[in-house]
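Participant: here are the coordinates; sequence isn't available:
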């Protein structure tokens, strides 16, 4: 039972353009969301988070949008850079654990 | 402090053998977590410690798995009688509180042959 879903296994974007990664969740009790980035052979690293009391949070090139009624969030990366190529995981913190989606592989072409 | 350390980075073992992994969290973090990640999936929660107390265990953690954090510092995860289905990346994370703040280690990749 996947409570956090990332339906796009991969995304390819040209350098300088916007990358939009999407995430849906099913549990209405989820109220804190995080995005992690993972390079091969490394652990996930924290990118940005958002609480359900907000609908947008911005940090440099990264912006996360939350639509509670649709149970949907998205991560925007502008402008995309080749170094952004990685696997991106959406997660919700629920109790004492993180519930992750399956990830989206982002490839930024130069 | 160099972050969360995991040892070994890679482990190849024969089916039926026991394996033990170690995690050294960030020293001031009182919370420690183990996750498992298989190919094409996100990390899945296994267990959580606050100081030395194991407060939550996933049903994924069968009776062949045991985790300890004896002095509230490093932790070990042992898998007994390994099976091919145990092949995965085992990730450790630590945090000081909830609402994010998790730092993950680089993981131990287990291959059971």
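Facilitator: Everything's here; your move. Worth saying up front: this structure is predicted, and the values here are computed from it rather than measured. Numbers count the residues shown, from 1 in each chain, chains lettered A, B, ... in the order given.

Participant: which residues does the residue nearest to residue B:85 when sequence neighbours are not counted contact?
Facilitator: Excluding the flanking residues, the one nearest residue B:85 by CB to CB, 6 or more residues apart in numbering or on different chains is residue B:112, at 7.9 Å. Just so you know, the C-beta spots here come from the backbone N, C-alpha and C atoms, and that holds for glycine as well. By CB atoms under 8 Å, 6 or more residues apart in numbering or on different chains, the contact list for residue B:112 reads B:13, B:14, B:15, B:82, B:83, B:84, B:85, B:86, B:87.

Participant: Any figure for the gap between residue B:110 and chain A?
Facilitator: 14 Å (CB to the nearest CB, to the nearest Å).

Participant: so which helix or strand takes in that residue?
Facilitator: Using DSSP states H and E, residue B:110 sits in strand B:108-112.

Participant: List the buried residues of that strand.
Facilitator: B:108, B:109, B:110, B:112 (16 or more other CB atoms under 10 Å in any protein chain shown).

Participant: dump the residue contacts of residue 95.
Facilitator: No chain was given, so I picked chain A. Going by CB under 8 Å, 6+ apart, residue A:95 touches residue B:56.

Participant: wrong one, I was asking about chain B
Facilitator: Contacts of residue B:95 by CB under 8 Å, 6+ apart are B:29, B:31, B:33, B:101, B:102, B:103.

Participant: please redo it, this time with the cut-off set to 10 Å
Facilitator: Contacts for residue B:95 were tallied using CB atoms under 10 Å, 6 or more residues apart in numbering or on different chains; they are A:93, A:96, A:98, B:4, B:25-26, B:29-33, B:48, B:101-104.

Participant: quick one, strands of the chain?
Facilitator: In the absence of a named chain, chain A is used. Listed in chain order, the strands found in chain A under DSSP state E are A:4-5, A:10-14, A:19-25, A:32-38, A:45-51, A:56-59, A:62-67, A:72-77, A:86-94, A:97-100, A:104-109.

Participant: that's the wrong chain, I meant chain B
Facilitator: So, for chain B - with DSSP E - the strands run B:5-7, B:10-13, B:19-24, B:31-37, B:44-50, B:53-57, B:65-68, B:75-79, B:88-95, B:103-104, B:108-112.

Participant: Same list (those) but as TSV, adding distance to residue A:102 and mean pLDDT.
Facilitator: Output for the strands of chain B, formatted as TSV (distance: least, CB to CB, whole Å; pLDDT from 0 to 100):
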stretch	distance to residue A:102	mean pLDDT
strand B:5-7	22	97
strand B:10-13	23	98
strand B:19-24	24	98
strand B:31-37	10	96
strand B:44-50	11	96
strand B:53-57	22	94
strand B:65-68	22	96
strand B:75-79	23	98
strand B:88-95	14	97
strand B:103-104	17	95
strand B:108-112	18	98
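
Participant: of the ones you listed, which approaches residue A:37 most closely?
Facilitator: Closest to residue A:37 of the strands of chain B, according to CB to CB: strand B:103-104, at 10.9 Å.
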